[in-house]
Each structure stands twice: as C-alpha cells, then as structure tokens.
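Undergrad: what would the 3D arrangement of this be:
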Amino acid sequence: DAAKNAAACYSTFQQEFEEEINRVRHRARRPPQPVMNWAQQ
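TA: Numbering: from 1, shown residues only. The predicted structure is shown next:
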C-alpha cells in the first residue's frame, strides 16, 4: 500500500515540476570538452 502511494505521489510530483526538472537537467549538462588540436600548439 505504501509503495502504491509513493508511486502516485511521485507521478504527481513529476507532472507538477516537469518544467523545472527539465530546465535544471538542461543546465546541468557539462559543456563540450575542448578538442585537442596539435596544429595550434
């Protein structure tokens, strides 16, 4: 019963905060690594 309630609660939480979650996830992505270019050394 507790698991069922937790699943319902999490589902509601996701629906409520989907925009913010996506915004944070997008911002959390690491910037692309600089490419080593030996010609510029």
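Undergrad: what's the separation between the residue positioned nearest the centre of the chain and residue 4?
TA: By Cα atoms, centre = their mean, the chain has its centre lying nearest to residue 25, at 2.7 Å. Going from residue 25 to residue 4 by Cβ to Cβ, to the nearest Å gives 27 Å. To be clear about C-beta, it is placed using only N, CA and C from the backbone, and glycine gets the same treatment.
Undergrad: tell me the secondary structure at residue 17.
TA: helix (DSSP: H, G, I helix; E, B strand; the rest coil).
Undergrad: for the chain, which segments count as helices?
TA: 2-28 (DSSP state H).
Undergrad: low pLDDT regions in it?
TA: 26-31, 41 (pLDDT under 70).
Undergrad: change it to 90
TA: Within the chain, the stretches with pLDDT under 90 are 13-41.
Undergrad: Provide a list of residues in contact with residue 14.
TA: residue 21 (Cβ atoms under 8 Å, 6 or more residues apart in numbering).
Undergrad: apply 7 Å and report the result again.
TA: Neighbouring residues of residue 14 by Cβ atoms under 7 Å, 6 or more residues apart in numbering: there are none.
Undergrad: quick one: it and residue 40, what's the gap?
TA: Taking Cβ to Cβ, one finds residue 14 at 46 Å from residue 40.
Undergrad: next: residue 16.
TA: The gap separating residue 16 from residue 40 is 49 Å, by Cβ to Cβ.
Undergrad: of the two, which one has the most company?
TA: Counted by other Cβ atoms under 10 Å, residue 16 and residue 40 do not tie: residue 16 has more neighbours, with 10 against 6.
Undergrad: how near is the more buried one to residue 9?
TA: In terms of Cβ to Cβ, residue 16 sits 11 Å off from residue 9.
Undergrad: next, count neighbours for residue 6.
TA: With neighbours defined by other Cβ under 10 Å, the count for residue 6 comes to 10.
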